[in-house]
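1. Sequence and computational prediction follow.
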Amino acid sequence: RNVVEHNYHDYSKEILTEPDNAAEVQLASLDSKKATAKGGVAVPFPIKLHAMLDQIEEDGLASVISWQPHGRCFVVHDQKKFVENVMPTYFRQSKFPSFQ
């Protein structure tokens, strides 16, 4: 039997020491960058998604979309509210399938 050793660390139990507005500052700095990456996007999707999820949690919209407790993935809890309230704020797409 083969056993794979890994050094995964479960960050879900870590205590954050970031300032209260860290996600807000991160989003602002991402938006202010002028250079575009490959594909013509200013901010790579994973970075923008991570900052969005952090900000949404601070804004009290965790009932719409949130990180899973283990911190390795996220879930859209309310697709309709996500499309109506979250997507227009953070993304140019307006249809859920384009986000998936």
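-> The structure has been received and is ready for your questions. Numbers count the residues shown, from 1 in each chain.
2. Start from the N-terminal end of the chain and give the strands.
-> 65-67, 74-76 (DSSP state E).
3. Low-confidence bits of this protein, can you list those?
-> Residue ranges of the chain with pLDDT under 70: 1, 4, 6, 8-13, 16-41.
4. pull the longest helix from it.
-> Using DSSP state H to define each element, the chain has its longest helix at helix 45-58.
5. Can you mark which positions in that helix are buried?
-> Lys48, Leu49, Ala51, Met52, Leu53, Asp54, Gln55, Ile56 (16 or more other CB atoms under 10 Å). The C-beta positions use only the backbone N, C-alpha and C, and glycine is treated the same way.
6. Buried residues of stretch 62-79, list them for me.
-> Val64, Ile65, Trp67, Val76.
7. tell me the contacts of the second one?
-> It refers to Ile65. By CB atoms under 8 Å, 6 or more residues apart in numbering, the contact set of Ile65 is Leu53, Ile56, Phe74, Val75, Val76, His77, Asp78, Phe82, Val86.
8. Report the contact partners of Phe99.
-> Phe82, Met87, Phe91, Gln93.
9. Contacts only, for the third one.
-> The contact partners of Phe91, by CB under 8 Å, 6+ apart, come to Lys48, Phe99.
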